[in-house]
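Asks: Quick one: sequence plus predicted model below, questions after.
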Amino acid sequence: MLLETNPHAGLSNKSGTGGASGSDDDALLVASSRAGELDAFEQLVNKHQKRMLNIAYRLTGDYDEACEVVQDVFVSAYKHIGTFRGESKFTTWLTAIAANLSKNRLKQMKSRRSHVAFSLDDPIRTEEGQMTMDPPSKEPSVLDQLVKRDVRTQVQECIKKLDPAFREVLVLRDMQELSYEEIGTMLKMREGTVKSRLFRARDLVRNCLKSVMGDL
């Protein structure tokens, strides 16, 4: 089982999996995986690893740690694929594993006091100078790119400052676009609690952005 570890891949605000037809494909692949077909499970890995990496990165704030989490997610999914009964979408089940393992990894990171966080758009330093993670687009002006990049960087920094309980709700709802019901089931909380935490998380991020960037 090989996971993609290219730092250019998978770090977007959302990553869809193809709607109803994607769910049907997942059902077939899950059934084959439960029957012991490794190729089917590898297809599930290839299909969903970018989304899991996005979730893990947003929740941990560290790319290398997120890659480790994603490895653990699919190892866990492979071991427990027989327990997946299809009562929810496979992506929902997989996301719950990713969120739980990300929270555990975040606790470990805090206890080690050695985690170095960076945003999606922080430059990578090389011997020759700096290289951005994504090549600049030819369409917007350089100034526009810098402004947008700075906003995205500050948003990620503000998200990282959130308490994990608020951060996970914000990531799952606003970035992964899961429903309140899905999030409530995943996190074992009432929908009202999900909504109140989301409201609080959005408010905290908004205030954080205002404190560093002023009114946007």
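Replies: Great, that's in hand. Owing to the predicted nature of the structure, the values given are computational and were not obtained by experimental measurement.
Asks: Strands along this protein, start to end?
Replies: 124-126, 129-131 (DSSP state E).
Asks: neighbours of the closest residue to Thr92 other than its chain neighbours, just the number please.
Replies: Closest residue in space to Thr92, ignoring its immediate chain neighbours: Glu182 at 5.3 Å, by Cβ to Cβ, 6 or more residues apart in numbering. Every C-beta, even on glycine, is put in place using the N, C-alpha and C of the backbone. The tally of other residues near Glu182 (other Cβ atoms under 10 Å) stands at 21.
Asks: Glu182 contacts Thr91, correct?
Replies: No: applying Cβ atoms under 8 Å as the test, Glu182 and Thr91 come out as separate, 9.3 Å apart.
Asks: can you map out the helices along the chain?
Replies: Along the chain, counting by DSSP state H, helices occupy 19-34, 38-60, 63-80, 90-112, 142-161, 164-170, 180-187, 191-213.
Asks: rank those helices by pLDDT, which is bottom?
Replies: Among the helices of the chain, helix 142-161 carries the lowest mean pLDDT, at a mean of 71.
Asks: how deep is Met186 tucked in, by neighbour count?
Replies: Burial of Met186, expressed as a neighbour count using other Cβ under 10 Å, amounts to 21.
Asks: now do Lys188
Replies: By other Cβ under 10 Å, 8 other residues sit near Lys188.
Asks: For it, what are phi and psi?
Replies: Lys188 has phi and psi values of phi 60, psi 50 when expressed as degrees, to the nearest 10.
Asks: Check the spacing between it and Val194 real quick.
Replies: 11 Å (Cβ to Cβ, to the nearest Å).
Asks: what does Asp25 give?
Replies: Note on Asp25: its distance to Val194, by Cβ to Cβ, is 28 Å.
Asks: Compare those two and say which is more crowded by neighbours.
Replies: It is Val194, of Asp25 and Val194, that has more neighbours when counted by other Cβ under 10 Å, with 23 against 16.
Asks: Now do the same contact list for the more buried one.
Replies: Contacts for Val194 (Cβ atoms under 8 Å, 6 or more residues apart in numbering) come out as Val169, Arg173, Tyr180, Ile183, Gly184, Leu187.
Asks: Wait, Thr60 touches Val70, no?
Replies: No: under the criterion of Cβ under 8 Å, Thr60 makes no contact with Val70, lying 10.5 Å away.
Asks: Just give me the neighbour total for Gln156.
Replies: 19.
Asks: before we move on, what about Ser111?
Replies: 9.
Asks: ok, now Val169?
Replies: Neighbours of Val169 under the rule other Cβ under 10 Å: 28.
Asks: Now stretch 85-103 - C-alpha only, PDB.
Replies: Provided in PDB are the C-alpha atoms of stretch 85-103 (Å, rounded to 0.1, in the frame of the first residue of the first chain):
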ATOM      1  CA  ARG A  85     -21.400  -2.200   7.500                       C
ATOM      2  CA  GLY A  86     -22.300   0.500   4.900                       C
ATOM      3  CA  GLU A  87     -24.700   2.400   7.200                       C
ATOM      4  CA  SER A  88     -22.800   5.500   6.200                       C
ATOM      5  CA  LYS A  89     -20.700   6.500   3.200                       C
ATOM      6  CA  PHE A  90     -17.300   4.900   3.100                       C
ATOM      7  CA  THR A  91     -15.800   8.400   3.000                       C
ATOM      8  CA  THR A  92     -17.600   9.400   6.200                       C
ATOM      9  CA  TRP A  93     -16.300   6.300   8.000                       C
ATOM     10  CA  LEU A  94     -12.800   7.000   6.700                       C
ATOM     11  CA  THR A  95     -13.000  10.600   7.700                       C
ATOM     12  CA  ALA A  96     -14.000   9.600  11.200                       C
ATOM     13  CA  ILE A  97     -10.800   7.500  11.400                       C
ATOM     14  CA  ALA A  98      -8.700  10.400  10.100                       C
ATOM     15  CA  ALA A  99     -10.200  12.900  12.500                       C
ATOM     16  CA  ASN A 100      -9.700  10.600  15.500                       C
ATOM     17  CA  LEU A 101      -6.100   9.700  14.600                       C
ATOM     18  CA  SER A 102      -5.300  13.400  13.900                       C
ATOM     19  CA  LYS A 103      -6.500  14.400  17.300                       C
END
